[in-house]
Every structure is written in structure tokens, then in C-alpha cells.
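> Compute the structure for the input listed below.
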Amino acid sequence: MGQVFRRTSFNGSALIRLLSRLADIDAREPAQPTADRLSQWFGWTDAISLSAALDGAPATTAQPGTRAPRNTEEGECQRVRAALANAIAEDSTFGTSKDATPEFTPYRRRYLARQQAMEAGVGSLRSRLRSALAAKSPAMARLASVDVVMAQVLEAREHSLLSAVPGMLEKHFERLRKAAETPDEAETDSGTQPTDAWLDVFRKDAQDVLLAELDFRFQPVEGLLEALRTQATRTP
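So this is what the prediction gives:
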């Protein structure tokens, strides 16, 4: 049976590396192997669910004479991802603007809105891909069931990580503002007034974090797509 789950370790993701850089901390890879750490996140009920998904008979199997176009799911994933990425890139809150506010609240509000849009879009795609897998073969149906269990196991930790991002950005925002409000010696001697250039830096950083989060959220989707591609190569 192929492998669906493609979530990289949190520390190894581009999102964590970027947040670590903004917070000026060292995100080292843990010494413990990923598989060992992952096993610690499973409760006994999770283990039972995973065992049932691996060993049990699938609830849905392919029906004779029915075959969805192979590129339909991949095209939809590309469309949704492009739409989410474009929405981030074109969001005026994170763009260069003379009307940018020096308060963090609007940025928090917009970041949360983008997170909600990503969660809805990725969740819908993931469900659709599971259904497509389940209709291919009994083995693919079991993979879809495994993905459901893995999503349930990782949901709390993923939510904990991603819900903390706005707070980390707020600290970055305050550090940049404080640095801008504290002129260096050359600026003091020349009488130069502080500028809002730090806001441009922050907005670009926040936009980069959003795009990295989009990549992070799409990892399970890519895993499901890869399983569908593998199945397609085996289907005449």
C-alpha cells in the first residue's frame, strides 16, 4: 500500500524556519526520530482507529463502469491553491500602502481571516481527495481512512502551532516598531525623523509567513494527490 501522509516535521518546515528567523531563535531538528515522536501523539483510541483503518474493509469501493477523469482532482487542487496564494499576495493589508496603520490589530484580524480561508479550502480539498481515493480500489480506500485518522491525531498540535503565529507576528511587529522609534547615533546627529519603512518590512514578512503556512497546510493534500497519481499509472 502506498504512502499518503506527507506532513514534514514541524521543525523541518519552511514555516518554522521563517518564524524562527523572525523571532531570532534557533529551530534545531530534534534528536528523536520523527516516527518515535509521532507515536507519542497517539492515544490508545487513536491506535485502535488507525489499526481499523489499516486492517478493516473499506466502506467505499469503486463501482463498475465509473471512473472519474484523472486530472480533475489535480486541476481543482491547483485552482484552489492559486486562489489562496493570490488572495494573500493581493491583500492590501499586507501590501505597500501610505495608509498603513502602526497598530497590530488590523493585521491580526486579516491574518486570522486568511487562516480561516486556508483551513476551509484545504479541508474541502482533502475530503474530496479522500472520496476520490476511496472510489479507486480497496487499498486506496484504506489509505483514505488512514488519512482521516492522521488528521484527527495531528489536528490539536497543528492548531496549537498555527494559532500561535499571529502572536509571534505581533512580537515581531513590536520589535520592528521599537527599533524604528529608537534612532541610532547618525540619525540623532542629523535630526532625521523616524520613517514607516519598518511597516513595509513587517507586511512583507507577514505575507511570507502566510505563504509558508499555505505550503504547510497543503502537504497532506500533496500526499493524497501523489497516491492518486500512483493509482492512475497502474490503471489502464
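> How much space separates residue 175 from residue 167?
For residue 175, the distance to residue 167 equals 13 Å [Cβ to Cβ, to the nearest Å]. C-beta coordinates here come from the backbone N, C-alpha and C atoms, glycine included.
> which of these two has more neighbours?
Neighbour count, other Cβ atoms under 10 Å: between residue 175 and residue 167, residue 175 has more, with 15 against 10.
> phi, psi of the more buried one?
The phi and psi values for residue 175, taken as degrees, to the nearest 10, are phi -60, psi -40.
> Residue 96 in helix, strand or coil?
Here residue 96 is recorded as coil under DSSP: H, G, I helix; E, B strand; the rest coil.
> Go ahead and confirm it touches residue 202.
No. Contact criterion Cβ atoms under 8 Å: residue 96 and residue 202 do not qualify, at 11.4 Å.
> Between the two, which is the more surrounded one?
More crowded of residue 96 and residue 202, by other Cβ under 10 Å: residue 202, with 25 against 10.
> what residues are up against that one?
Residue 202 makes contact with 107, 169, 172, 173, 176 under the criterion Cβ atoms under 8 Å, 6 or more residues apart in numbering.
> Most neighbours out of those residues, which is it?
residue 173 (24 neighbours).
> Now for that one: which residues touch it?
Residue 173 neighbours (Cβ under 8 Å, 6+ apart): 104, 107, 202.
> can you check residue 127 too?
Contacts of residue 127 (Cβ under 8 Å, 6+ apart): none.
> That one sits in which helix or strand?
Per DSSP states H and E: residue 127 is located in helix 105-134.
> pLDDT of that helix, averaged?
When pLDDT is averaged along helix 105-134, the result is 94.
> Would you indicate which residues of it are buried?
By neighbour count on 16 or more other Cβ atoms under 10 Å, the buried set for helix 105-134 is 107-108, 110-111, 114-115, 118, 121-122, 125-126, 128-130, 132-134.
> quick revisit: return the member of the contacts of residue 173 nearest to residue 17.
Ranked by distance to residue 17 (Cβ to Cβ), these are led by residue 202 at 18.3 Å.
> do you know how far that closest one is from residue 172?
Residue 202 is 7 Å from residue 172, where distance means Cβ to Cβ.
> Residue 124 now?
Counting by Cβ to Cβ, the gap from residue 124 to residue 172 is 31 Å.
> Next, the angle helix 105-134 makes with the longest helix seen in the chain.
Ordering each helix of the chain by length in residues (DSSP state H) puts helix 197-234 first. In terms of direction (axes from the mean of the first three to the mean of the last three Cα atoms, to 10 degrees), helix 197-234 departs from helix 105-134 by 0 degrees.
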